[in-house]
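Student: pasted the sequence and its predicted model underneath.
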Amino acid sequence: MENYLKLIENTIKGKWDCGALCDRGGISYTYGQMAGQIARLHYIYREVGIAKGDKIAVCGKNGANWAVAFISANAYGAVAVPLLNDFHPESIAQLTDHSESRILFIDEDLWKKVGIVGTKAEAVFSLKDFSLLHAVDSAAVSKHVEDASAAFDRDYPGGISPDDVRYQSEDLDATAIINYTSGTTSAPKGVMLSYRAISSNVVFIKENIFGKEGDKALSMLPMAHMYGMAVEFLFPVCAGYELHFLGKAPTPRILLDALSEVRPFMIIAVPLIIEKIFYSSVFPAVNKPLMKGALKIPVVSSVIYRKIYDKLMSTFGGNVKYIIIGGAPLNEAVEEMMKKVGLPYCVGYGMTECAPLISYEHYSRFAFRSCGKPVDRMEVRIDSPDATEVVGEIQTRGDNVMSGYYKNKDATAAAFTADGWLHTGDMGIMDAEGNIFIKGRCKNMVLGPNGQNIYPEEIEDKLNSHRYVVESIVVSRQGRLVALIYPNTDAIVEDASEHGQKSPADARPDTEALVSAAMDALLAEVNKSLPSYSKLSKAEVMATEFEKTPKKSIKRFLYE
């Protein structure tokens, strides 16, 4: 298996004048220009005294220079430390220091906040133009930067050529990345991932996802998160596609404009993005009485589903060949509609500790409600007496698995079984064909009155399928299951108005009363589909959306 750096090196040499990295309305690099910027940074590293194995942190919004800074670190032999830019400034400073990063690349506006906290990094560079923002010894580092620039211009007066590109790629088991899973605890967990783990992921994706010459990719997920890094960033660069960056928060307008402009050949998304599209534009149309009737007629339904397919594919840019979803469970009603419409989708499974892939399957072979089969060079087992019937913890081992948590031996030891399998913390089953079906998180599982296993995620999926629910979580309180629901108030009021439910005082809907009545009715409806031991005792209405992680998963611990 080739080191991913060797794949990048070969791509640079073969696509020297082709587009590589492009910020919408900003910086744009060909593969040759990208290599030139990497080479300039390597001169700076040498002058500053960076050695192989030293740490270089990168923190900022997705962009071409973020990609250059990251690749330059690994290509030099340094360990890259990607940090999420929506971590609190104190956490960014803390993790920079915990990782012992000697250099920090950061967005200038973010540095204004982090700089107040302070960091032990010897030099801080801007991701805007790689200029020096701060240094422990400012005069000395400024001189090093000037000397590095002069030396590069002297050695390459006409710029570098393809023959000058040679990246270190010998030791697959050396640490390539330290990726932090949290920025809020006193003992942060930095996942150490080797070049073997990163390369195994990239090689698998490259061998299973195919575009054509001239196809483009769009980076929407955080590059500092392993899902976005491996699938949306490293794979396109290793495979020679032109990668475009949003550069801004993915609001519906910005996202739609980017999809139309870039026309990506693949969509990599968390369920929240896909679900919002379906609940805002698909379900309101298909749930109307006339449409429901039409969908029961086979000939008519096929025409309707085709029109939905055409509209969605046009929304995605008109060139999408793959829709890959991961990071959280996909709502069953949404997946069922995706399947009926015929979208080329699949749901994958992974975790930071596996860089991130554990399972995947091509959409043509994908099993409904599964998350695919174990990827190459990875094994999966279910810790139960019967993996096909009895739910147990999903455990894995293979090339993708981390070497441990940085400076945290206790957490590393606890992450593995006695015989060397990684605890995923997820519960599930695996059928005879190897398809994995996740039931929920181990830590979320609730024991019923007679010892039955209750998975809140399965109840939440039923709640979230209703148009009156934006999102929900189910928690256990004093031995009873309670649904916390952020309601779709607009839909509730709209339906009430259509049915003439108005307050006699002012002829306007009493929103609070309508929402309360709707939640009571929803609770009764959902309970009908649940066994007696997992019925909900009540629903609590949330005034605002739930607080979420960078990958848009609800921070459950805040509400339990």
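Tutor: Sure thing, it's come through. Residues are numbered from 1 along each chain as shown.

Student: and the next element down the chain from the helix or strand of the chain with the lowest mean pLDDT?
Tutor: When each helix and strand of the chain is scored by mean pLDDT, DSSP states H and E, strand 446-447 comes last, with a mean of 86. Next helix or strand after strand 446-447 toward the C-terminus (DSSP states H and E): strand 453-454.

Student: before we move on, the earlier item: what does the least confident helix or strand of the chain contact?
Tutor: With contacts defined as C-beta atoms under 8 Å, 6 or more residues apart in numbering, strand 446-447 is touched by N453, I454, Y455, P456, S476, L481. From N, CA and C alone the C-beta is placed, and that goes for glycine too.

Student: 7 Å - rerun?
Tutor: The list of residues contacting strand 446-447 from outside it, by C-beta atoms under 7 Å, 6 or more residues apart in numbering, reads N453, I454, P456, S476, L481.

Student: do stretch 141-150 as well
Tutor: Counting by C-beta under 7 Å, 6+ apart, stretch 141-150 makes contact with Y43, I44, E47, V48, A123, L132, A135, all of which sit outside it.

Student: can you list the domains in the protein?
Tutor: The chain breaks down into these domains under automatic domain parsing: 4-170+209-245, 266-318+321-442, 448-558.

Student: now do the same for F437: helix, strand or coil?
Tutor: Under DSSP: H, G, I helix; E, B strand; the rest coil, the three-state class of F437 is strand.

Student: which residues does it contact?
Tutor: Counting by C-beta under 7 Å, 6+ apart, F437 makes contact with R369, S370, G428, I429.

Student: isn't the third one right up against K439?
Tutor: Pointing back at G428 there. Yes: shown here, G428 and K439 form a contact pair, counting by C-beta atoms under 7 Å, at 5.3 Å.

Student: wait, a helix at L272?
Tutor: Yes: assessed by three-state DSSP, L272 belongs to a helix.

Student: residue contacts, the residue lying closest to it once chain neighbours are set aside?
Tutor: Take L272 and drop its neighbours on the chain: the residue closest to it by C-beta to C-beta, 6 or more residues apart in numbering is K552, 4.4 Å away. Neighbouring residues of K552 by C-beta under 7 Å, 6+ apart: V270, L272, A328.

Student: nearest to Y279 among the residues you listed?
Tutor: Here the nearest of the contacts of K552 to Y279, counting by C-beta to C-beta, is L272; it sits at 10.4 Å.

Student: count of neighbours near the closest one?
Tutor: Counted with other C-beta atoms under 10 Å, residues neighbouring L272 total 18.

Student: I'd like the distance between it and N464.
Tutor: From L272 across to N464, the span is 11 Å (C-beta to C-beta, to the nearest Å).

Student: put the buried members of the contacts of F437 into a PyMOL selection.
Tutor: A single PyMOL command selects the buried members of the contacts of F437 (16 or more other C-beta atoms under 10 Å):
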select buried, resi 369+370+428+429
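
Student: mind putting the contacts of F437 into a markdown table with distance to D107 and secondary structure?
Tutor: Below are these laid out as a markdown table (distance: C-beta to C-beta, whole Å; DSSP: H, G, I helix; E, B strand; the rest coil):
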| residue | distance to D107 | secondary structure |
| --- | --- | --- |
| R369 | 40 | coil |
| S370 | 39 | coil |
| G428 | 39 | strand |
| I429 | 44 | strand |
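
Student: make JSON lines out of the contacts of F437 and add distance to P531.
Tutor: Below are the contacts of F437 laid out as JSON lines (distance: C-beta to C-beta, whole Å):
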{"residue": "R369", "distance to P531": "19"}
{"residue": "S370", "distance to P531": "23"}
{"residue": "G428", "distance to P531": "19"}
{"residue": "I429", "distance to P531": "18"}
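
Student: which of the contacts of F437 sits closest to M519?
Tutor: Once C-beta to C-beta is applied, the member of the contacts of F437 that ends up nearest M519 is R369, at 26.7 Å.

Student: what is the nearest residue to that closest one once chain neighbours are set aside paired to in the beta sheet?
Tutor: Sequence neighbours aside, F437 is the residue nearest to R369 in space, at 6.3 Å (criterion: C-beta to C-beta, 6+ apart). For F437, the beta-bridge partners under DSSP bridges are I429.

Student: for F437, give its distance to E361.
Tutor: From F437 to E361 the distance is 12 Å (C-beta to C-beta).

Student: gap between Y167 and L5?
Tutor: Y167 is 4 Å from L5, by C-beta to C-beta.

Student: what do these two both touch?
Tutor: A75.

Student: and N400, how many neighbours?
Tutor: 30.

Student: residue contacts, it?
Tutor: A197, S200, N201, C354, A355, L357, R377, M378.

Student: count of neighbours near the residue nearest to it when sequence neighbours are not counted?
Tutor: Closest residue in space to N400, ignoring its immediate chain neighbours: C354 at 4.4 Å, by C-beta to C-beta, 6+ apart. Residue neighbour count, defined by other C-beta under 10 Å, stands at 28 for C354.

Student: hang on, C354 packs against V401?
Tutor: Yes: with contact defined as C-beta under 7 Å, C354 counts as touching V401 (5.7 Å).

Student: which SSE is the residue most central in space within the chain in?
Tutor: Per C-alpha atoms, centre = their mean, the C-alpha nearest to the average position across the chain is that of Y227, at 4.3 Å. Taking DSSP H and E as the criterion, Y227 maps to helix 226-227.

Student: CA atoms only: put the helix or strand following that helix into CSV for me.
Tutor: Moving toward the C-terminus from helix 226-227, the next helix or strand (DSSP H and E) is helix 235-239. Extracted as CSV, the C-alpha positions of helix 235-239 are listed here (Å, rounded to 0.1, in the frame of the first residue of the first chain):
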residue,chain,number,x,y,z
PHE,A,235,-9.0,11.7,-1.5
PRO,A,236,-9.7,14.4,-4.2
VAL,A,237,-6.2,15.7,-3.9
CYS,A,238,-4.6,12.2,-4.1
ALA,A,239,-6.8,11.3,-7.0
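
Student: residues contacting helix 235-239, please?
Tutor: Contacts of helix 235-239 (C-beta under 7 Å, 6+ apart): Y4, L7, I8, T11, A20, V202, I205, K206, A217, L243.
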